[in-house]
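Engineer: here is the input, now give the coordinates:
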Amino acid sequence: MITQQIILTSRPRGVPTLDNFAFERVLLPDMHQDEVLLQGLYYSVDPYMRGRMNDRKSYVAPFVVGQPMEGGVVAKVLDSKSDNFKPGDLVTAGLPWRVLNIVPSIWLQKIDITHVPASYYLGILGMPGLTAYIGLLDIGKPKAGETVVVSAAAGAVGIIVGQIAKIQGCRVIGIAGSDEKSRLLKEEFGFDEAVNYKSTSNLKAVISHLCPGGVDVYFDNVGGEISDAVIRNINFDARIPLCGQISIYNSSEYPRGPRLQPMLLSRSALMQGFIVSNYQFRYPEAIQQLNQWLNDGLLKYTETIVHGFDQLPNALLGLFKGDNTGKMIVEA
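Structural biologist: Next comes the predicted model:
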């Protein structure tokens with residue numbers, strides 16, 4: 001059986017381009033006992049993938065040049081040699097970027113689409129939702145009446161973080177990359193304030209104005225100058241969940257910015273990096289609570305859906321231009 005796959009052809013220097021990817025036709029192996037044949041329906045593209053394109057030690061192995069990219073996928077079972085899955089079942093797993101895959105059944109998790117779209121299992125009920133829930137509640141520990149600032153607030157994680165903070169009784173300020181995204185954060189997702197960082201020359205002063213009582217929790221998705229500005233406004237005993245640094249993922253050299261240690265020290269603040277896969281023991285509770293909030297109408301979600309398996313590279317590159325609101329998904 002022949003299928004199409006997308007491979008990494010070279011490691012990018014700076015911002016990736018389409019030249020770093022190639023399409024191949026590949027012959028799938030025969031299916032063995034406890035294996036399943038899958039057809040990809042929805043593919044996730046995520047900022048962390050940029051780090052895996054580098055040959056650098058990290059919390060997950062880099063992509064291999066000449067081998068397919070991989071990420072979260074919602075797929076349909078076409079054929080099965082497993083007692084646990086039957087044709088027609090919908091599943092999610094981390095899979096190579098192929099139209100068809102044959103994989104061990106132990107990799108797979110069935111999904112229920114009775115009340116939510118299948119693609120939500122790559123977003124609010126998948127890694128981004130888990131990241132938002134665990135990062136904010138376990139590290140940020142927001143308390144009612146506190147002020148929470150979220151960078152990349154209109155992204156897949158940030159849009160959930162802000163709403164969970166509101167559920168906790170906090171005042172929430174989002175930082176986004178356009179006036180339209182800022183408007184959506186306030187009007188559709190309940191943020192108290194939102195700022196387009198591209199339209200201000202003094203973000204520190206804007207944050208100070210919007211947070212007259214200071215910042216108690218800063219959920220950091222971007223790093224760089226945005227985080228420098230927010231951290232200058234943190235309160236005593238502030239908490240900073242360090243989720244992502246998308247502003248520097250394409251940098252060939254790490255930029256030098258303000259030294260944060262004096263601000264953290266003088267305010268007795270906590271900054272903690274986290275990788276959501278280290279918190280798998282928290283997944284059942286998180287998924288149950290996110291589902292409950294969705295069903296109760298306390299959480300809203302949005303996706304940017306790109307159509308066509310061949311658009312996966314373009315969709316990934318679009319993340320670094322801010323093309324997405326909410327989760328970026330490719331529908332095959």
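Engineer: and the strands in the stretch 151-300 of the chain?
Structural biologist: 171-176, 193-196, 215-219, 234-242, 270-273 (DSSP state E, counting those that start in this stretch).
Engineer: so what are the sheet partners of the second one and their directions?
Structural biologist: In other words, strand 193-196. strand 171-176 (parallel) (DSSP bridges).
Engineer: in the partner strand, what's buried?
Structural biologist: Within strand 171-176, the residues that qualify as buried are Arg171, Val172, Ile173, Gly174, Ile175, Ala176, counting by 16 or more other CB atoms under 10 Å. For the C-beta atoms, the positions are set from N, CA and C on the backbone; glycine is no exception.
Engineer: just the angle for it relative to strand 215-219, thanks.
Structural biologist: For strand 171-176 against strand 215-219, the angle by axes from the mean of the first three to the mean of the last three CA atoms, to 10 degrees is 40 degrees.
Engineer: out of the strands of the stretch 151-300 of the chain, nearest to Gly297?
Structural biologist: strand 171-176 (17.7 Å; CB to CB).
Engineer: how far does the closest one sit from the chain's center?
Structural biologist: 17 Å (CA atoms, centre = their mean, to the nearest Å).
Engineer: same question, stretch 132-146
Structural biologist: 17 Å.
Engineer: then stretch 312-332?
Structural biologist: The answer for stretch 312-332 is 11 Å, by CA atoms, centre = their mean.
Engineer: looking at the strands of the stretch 151-300 of the chain, which is nearest to Gly308?
Structural biologist: strand 171-176 (26.9 Å).
Engineer: list the contacts of the closest one.
Structural biologist: Outside strand 171-176, the residues that touch it by CB atoms under 8 Å, 6 or more residues apart in numbering are 145-154, 158, 162, 165-166, 182, 185, 190-197, 203, 207, 210-211, 222, 226, 230.
Engineer: secondary structure element for Tyr133?
Structural biologist: According to DSSP states H and E, Tyr133 maps onto helix 127-134.
Engineer: kindly report the same for Val306.
Structural biologist: With DSSP H and E as the test, Val306 turns up in strand 303-307.
Engineer: what helices or strands is that strand leaning on?
Structural biologist: Under the contact definition 3 or more CB pairs under 8 Å, 6 or more residues apart in numbering; DSSP states H and E, strand 303-307 sits against helix 312-319, strand 327-331.
Engineer: just to revisit the earlier point, buried subset of the contacts of strand 171-176?
Structural biologist: 146-154, 158, 162, 165-166, 182, 185, 190-197, 203, 207, 210-211, 222, 226, 230.
Engineer: for the longest helix along the chain, buried residues please.
Structural biologist: Using DSSP state H, we find that the single longest helix of the chain is helix 283-295. For helix 283-295, a neighbour-count test (16+ other CB under 10 Å) marks Ala286, Ile287, Gln289, Leu290, Asn291, Trp293, Leu294 as buried.
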